[in-house]
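# would you be able to build a 3D model of this:
(one chain, ligands or ions: 1)
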Amino acid sequence: MSSIPNNPVAAILPTPADPRTIGDVLGSVLAMAAPDRALGLSPELYEYLVAHGTPPDAVYEAIRADTLAEAPDAAGMQIGPEQYALMTLLVRLVGVDLAVEVGTFTGSSSVAIASGLRPGGRLICCDVSDEWTRIARRHWRAAGLEDRIELRLGPALDTLRALPDEPLVDFAFIDADKAGYVDYYEALVPRLRPGGLLLVDNVLWKGRVVDPDDHDERTEAIRRFNAHARADERVDRVMLPVGDGLTLCRKR
Ligand SMILES: C[S@@+](CC[C@H](N)C(=O)[O-])C[C@H]1O[C@@H](n2cnc3c(N)ncnc32)[C@H](O)[C@@H]1O
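Next up, the predicted model:
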């Protein structure tokens, strides 16, 4: 194999002087190929976990394929299949007539939410990208979900602040620019009904939140958000190692 010119696999195979086994090397290749695996799980354990949850449906697979083809550099922003299953399950558990999503991208999480709504339920999606959400809209149409999803293009904070002040929202999901997290949370919590659920994505930020040398703007923004939520008495809260870290807040 190592004789094949420009073969990227050959370049990382162990040499006789290298203490790694082929198994070690294949493990790291699989890890690179599965960027959305849960934090700290081996690729094998992650695959096992996904295989034992509700399998991702055809809509999720189609969005994933189109995102890889049309927005390959940003495809890592999509939620993984286990988070997709979890979100639909939570929406069904809560009983949702009105949901709000901040950060729609190509549509994976919006479909997870919209599929679990009660009959007649609505999802308001906030995003700034016409290009990325065009892919989402195509899949909403194909899946027969477009009548229950309303896309509001523009800065999410403007959209959220324009919503009625009453606590009418049953379920919300924050997954957009990290600098905006505290403001999105503050706009959403008062609008959540008691018993309503707010999910916040990327709260462990690939583990970077606990790296004392990491002062990247987005890492600091996530830390700021996590500290803010931690001090909030209006919600019950749990932080889960799902995907890149997911905080669940239930309004008291
Ligand atoms: C991580 S992606 C969302 C991924 C999506 N939830 C999914 O599962 O595929 C973040 C999205 O937030 C959007 N975004 C960034 N800044 C925003 C803002 N100020 N207002 C609304 N959306 C914003 C981006 O355009 C992008 O589509």
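# contacts only, for the residue nearest the centre of the chain.
Centroid-nearest residue in the chain: residue 79, 3.7 Å away (criterion: CA atoms, centre = their mean). Counting by CB atoms under 8 Å, 6 or more residues apart in numbering, residue 79 makes contact with 36, 87, 108, 109, 112, 175, 201, 243. Every residue, glycine included, has its C-beta placed from N, CA and C.
# with residue 67 instead?
Counted by CB under 8 Å, 6+ apart, residue 67 has contacts 74, 75, 78, 105, 106, 108, 135.
# thinking again about what came up before, A helix includes the residue nearest to the centre of the chain, no?
No - the assignment for residue 79 is coil, going by DSSP: H, G, I helix; E, B strand; the rest coil, so no helix is present there.
# surely residue 216 and residue 222 touch.
No - if you go by CB atoms under 8 Å, residue 216 and residue 222 don't touch, sitting 9.5 Å apart.
# for those two, indicate the residue with more neighbours.
residue 222 (23 against 12; other CB atoms under 10 Å).
# can you pull the contacts of that one?
178, 181, 202, 203, 205, 208, 209 are the contacts of residue 222 under CB under 8 Å, 6+ apart.
# what about the residue lying closest to residue 241 once chain neighbours are set aside, neighbour count?
Of all residues not flanking residue 241 in the chain, residue 39 sits nearest, at 5.0 Å (CB to CB, 6 or more residues apart in numbering). Using other CB under 10 Å, residue 39 has 14 neighbouring residues.
# now do residue 100
The local packing of residue 100 (other CB under 10 Å) involves 28 other residues.
# any idea what it is bridged to?
Judged by DSSP bridges, the bridge partners of residue 100 are residue 124, residue 172.
# renumber starting at 47 from here on
Let's use 47 as the start, then, which means that last one is residue 146.
# could you measure from it over to the ligand?
12 Å (CB to the nearest ligand atom, to the nearest Å).
# again, but for residue 119
For residue 119 relative to the ligand (CB to the nearest ligand atom), the value is 13 Å.
# could you do residue 92 as well?
From residue 92 to the ligand the distance is 18 Å (CB to the nearest ligand atom).
# quick one on the thing from earlier: ok, the contacts of residue 125 vs residue 277, which is closest?
Closest approach between these and residue 277, by CB to CB: residue 247, at 20.0 Å.
# the closest one: what's its closest spatial neighbour, skipping adjacent residues?
That would be residue 221: by CB to CB, 6+ apart, it lies 4.0 Å from residue 247.
# return the residues in contact with the one you found.
125, 147, 148, 149, 151, 155, 246, 247, 248.
# point out where the stretch 47-196 of the chain drops to low pLDDT.
Scanning the stretch 47-196 of the chain with the threshold set as pLDDT under 70 gives 47-83.
# got the phi/psi numbers for residue 172?
Dihedral pair for residue 172: phi -110, psi 130, per degrees, to the nearest 10.
# what's the burial count for it?
By other CB under 10 Å, 24 other residues sit near residue 172.
# does it really touch residue 155, like I thought?
No - at 11.9 Å, residue 172 does not count as touching residue 155 under the criterion of CB under 8 Å.
# so what sits against both of those two?
147, 149.
# type out the ChimeraX command that picks the buried ones from the contacts of residue 113.
Selecting only the buried entries of these in ChimeraX, with 16 or more other CB atoms under 10 Å as the criterion:
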select :121,124,151,152,154,181
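# identify, from the contacts of residue 113, the entry nearest to residue 202.
Out of those, the member with the shortest distance to residue 202 (by CB to CB) is residue 151, at 12.5 Å.
# who touches both of residue 262 and residue 268?
In contact with both residue 262 and residue 268: residue 254, using CB under 8 Å, 6+ apart.
# the ligand contacts on the stretch 97-246 of the chain?
123-125, 149-152, 154-155, 172-175, 178, 201-202, 221-223, 226 (CB under 6 Å from any ligand atom).
# quick one on the thing from earlier: residue 118 versus the residue nearest to residue 287, what's the distance?
23 Å (CB to CB, to the nearest Å).
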